[in-house]
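Chemist: fold the following, please.
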Amino acid sequence: MKKTMLLKWMAATAQASLLAGALLLALHAAADPGRRDGVQVAGHDAVDPALRRFTGKVTALGPANKAGRVATLRFDPIGPGMVAPRRNELRGWRLTFIRGKLFGRSLWIKGNTPNELTVRDTDPSLAGVVEGDILMIELLDPKKVDPNA
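Modeler: I've put the predicted structure just below:
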């Protein structure tokens, strides 16, 4: 009788240990982005770790020109490792809004200062952007940067 209870207790302990180990393994796998051939997986997107990115939060919108088009906005860097860019460092990079009324819209940067950027004249107006909108700026292919952007 005591031997049977001891065996049941040992089996239950082993099962609980295996379950706890599997749970810890699953949590570790979910918390740590996987890697596939040098491409880091973050969420559902494959992200090339060599891709240069900048994220920022809109702090103000520039004035509209005579035609009512807004081409300039002010921003602050946000996120780990983000620092203000140098003057015209972002020229030719793609700007995508990831929060706000223009969510998902992409434009191209004509020029920038450490806390302000201007989009190309051929891009749509920034009207509708408000303080607090979040933007992501990416250098998609450094060989294809348009020097005339």
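
Chemist: what about the strands in this protein?
Modeler: Taking DSSP state E, the strands of the chain run over residues 35-36, 39-42, 45-47, 52-61, 72-77, 94-99, 106-113, 116-119, 134-139.

Chemist: which of those sits most buried?
Modeler: Burial of these is given as mean neighbour count (mean count of other CB atoms under 10 Å); strand 116-119 ranks first at a mean of 21. To be clear about C-beta, it is placed using only N, CA and C from the backbone, and glycine gets the same treatment.

Chemist: strands paired with that strand, and their directions?
Modeler: strand 72-77 (antiparallel), strand 106-113 (antiparallel) (DSSP bridges).

Chemist: make CSV from the ones you listed and add distance to residue 100 to it.
Modeler: As requested, those are exported to CSV (distance: least, CB to CB, whole Å):
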stretch, distance to residue 100
strand 72-77, 11
strand 106-113, 13
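
Chemist: of all those, which one comes closest to residue 125?
Modeler: Closest approach to residue 125 among those (CB to CB): strand 106-113, 9.7 Å.

Chemist: which intervals of this structure have sub-threshold pLDDT?
Modeler: Scanning the chain for pLDDT under 70 picks out 1-2, 22-50, 141-149.

Chemist: quick one: contacts for residue 121?
Modeler: Each residue near residue 121 by CB atoms under 8 Å, 6 or more residues apart in numbering is listed here: 71, 110.

Chemist: quick one: it from residue 135, how far?
Modeler: 19 Å (CB to CB, to the nearest Å).

Chemist: repeat for residue 64
Modeler: On the measure of CB to CB, residue 64 and residue 135 end up 19 Å apart.

Chemist: sorry, back to before: can you redo the strands of the chain as CSV with distance to residue 83?
Modeler: Listed next are the strands of the chain as CSV, based on distance: least, CB to CB, whole Å:
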stretch, distance to residue 83
strand 35-36, 26
strand 39-42, 21
strand 45-47, 20
strand 52-61, 9
strand 72-77, 6
strand 94-99, 18
strand 106-113, 13
strand 116-119, 15
strand 134-139, 13
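
Chemist: any idea which of those strands gets closest to residue 10?
Modeler: strand 35-36 (38.7 Å).

Chemist: beta partners for the closest residue to residue 87 other than its chain neighbours?
Modeler: Leaving aside its chain neighbours, residue 87 sits nearest to residue 113 (5.5 Å; criterion: CB to CB, 6 or more residues apart in numbering). Counting by DSSP bridges, residue 113 forms beta bridges with residue 116.
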